[in-house]
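In: Give the three-dimensional model of this entry:
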Amino acid sequence: MTWGVIDVGRSPYRFLLSDRAVAFANLTNADGSAYLPISPTMLFVAVNTPNRLERLRALSPRDIVHNSNRFLVGRVRRFVWAHDRSQDAFVAKHMSRRLEPTPLLPDIGFR
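Out: Below is the predicted model of the structure:
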């Protein structure tokens, strides 16, 4: 995989981190990617093709942060970490809305 870091410092929002912070999408095809926020303004990205990385870098920083946060917060089991409290309403609105089934111990995080 080709990898890089995307700086979204120009976005009005900051990345959130969760207990399900690594995202994988379409790994078996050319548009496949994996990403992980590594700071409030930096995103580590691994992609199957260099072209995909360039297309991601061409997106607006605001859209990158919003899409990442929405996906990661939607998959949260229990915890979300933020740079500050400015996104509390966003977290409350989207938290755990897109839970994935767990392969082992399905009750983890629901007590």
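In: and residue 47, bridged to which residues?
Out: Beta-bridge partners of residue 47, counted by DSSP bridges, are residue 2, residue 33.
In: So it sits against residue 32, correct?
Out: Yes: Residue 47 is in contact with residue 32 according to CB atoms under 8 Å; the separation is 6.8 Å. Heads up, the C-betas are built off the backbone N, CA and C, glycines and all.
In: Neighbour count for the two, which is higher?
Out: Counted by other CB atoms under 10 Å, residue 47 and residue 32 do not tie: residue 47 has more neighbours, with 23 against 16.
In: Then residue 28 would be within a helix, right?
Out: No: assignment of residue 28 by DSSP: H, G, I helix; E, B strand; the rest coil gives coil, placing it outside any helix.
In: Mind jotting down where the strands sit in this structure?
Out: For the chain, the strands defined by DSSP state E cover 2-7, 17-18, 23-25, 33-39, 42-47, 80-81.
In: can I get those in a markdown table with mean pLDDT?
Out: Listed next are those as a markdown table, based on pLDDT from 0 to 100:
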| stretch | mean pLDDT |
| --- | --- |
| strand 2-7 | 96 |
| strand 17-18 | 92 |
| strand 23-25 | 90 |
| strand 33-39 | 95 |
| strand 42-47 | 97 |
| strand 80-81 | 94 |
